[in-house]
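A.B. asks: structure for this input, please:
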Amino acid sequence: MRLIDEEGEQRGIVALRYALELARDKGLDLIEVAPHAVPPVCKIMDYGKFKYEQSKRESEARKKARASELKTVRMEPQIDDHDFQFKLRSIQKFLKEGDKVKISVMFRGRSITHPEFGKRLLEQVVQQCAEIAAVERPPAFEGRMMTLILSPRQQPQGGAAQPQPAQAQPRA
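C.D. replies: Below you'll find the predicted structure:
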């Protein structure tokens with residue numbers, strides 16, 4: 001078998017007895033890393049420490065891979081400008097965190113006779129969030145509520161701006 005010691009150095013092709021004896025002398029384990037290789041590859045390591053570090057890496061990966069949620073923001077067609085701005089900031093914050101946002105405009109009483117006010121309000125939200133959000137589901141009535149779903153736009157990886165191609169200069 002091919003043997004790799006605890007520092008990652010290759011010891012070459014050795015007998016199984018020699019590899020086990022070497023691992024036992026150092027108080028470590030002999031782990032078969034690549035059983036299908038010719039010859040099989042074994043490594044001397046502390047298996048308990050390896051499993052612990054592997055579980056830490058997996059838990060860290062689970063923390064970073066957060067599922068997006070559907071956040072709900074409710075408004076009324078006769079909303080004041082300050083209240084609208086406050087709700088708009090909440091919507092933008094949710095979108096920047098990577099969550100989808102469902103915006104509902106509730107119609108109460110006679111306000112149901114003027115759905116254009118709710119539609120205008122939702123269009124204003126879409127216009128204000130155009131750079132960070134895409135419309136997943138356009139405005140539609142669900143009972144006495146008009147709803148719209150926005151999803152966050154994908155940001156370019158790395159955070160750097162895309163380089164613009166140089167324009168050719170005319171020759172005089």
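
A.B. asks: just the helices in the protein please.
C.D. replies: In the chain, the segments counted as helices under DSSP state H are 16-26, 47-64, 81-96, 115-128.

A.B. asks: buried deepest among those, which one?
C.D. replies: Mean neighbour count (mean count of other C-beta atoms under 10 Å) peaks for helix 115-128 among these, with a mean of 16. In short, each C-beta sits where N, CA and C put it, glycine included.

A.B. asks: which strand residues bridge the nearest residue to Tyr47 once chain neighbours are set aside?
C.D. replies: Once flanking residues are discounted, Tyr47 sits nearest to Asp29: 4.2 Å by C-beta to C-beta, 6 or more residues apart in numbering. Bridge pairing for Asp29 (DSSP bridges) gives the partners Met45.

A.B. asks: per-domain residue ranges of this structure.
C.D. replies: 2-64, 70-152 (automatic domain parsing).

A.B. asks: was I right to think Pro40 contacts Ala34?
C.D. replies: Yes. The pair Pro40 and Ala34 passes the contact test of C-beta atoms under 8 Å, sitting 6.4 Å apart.
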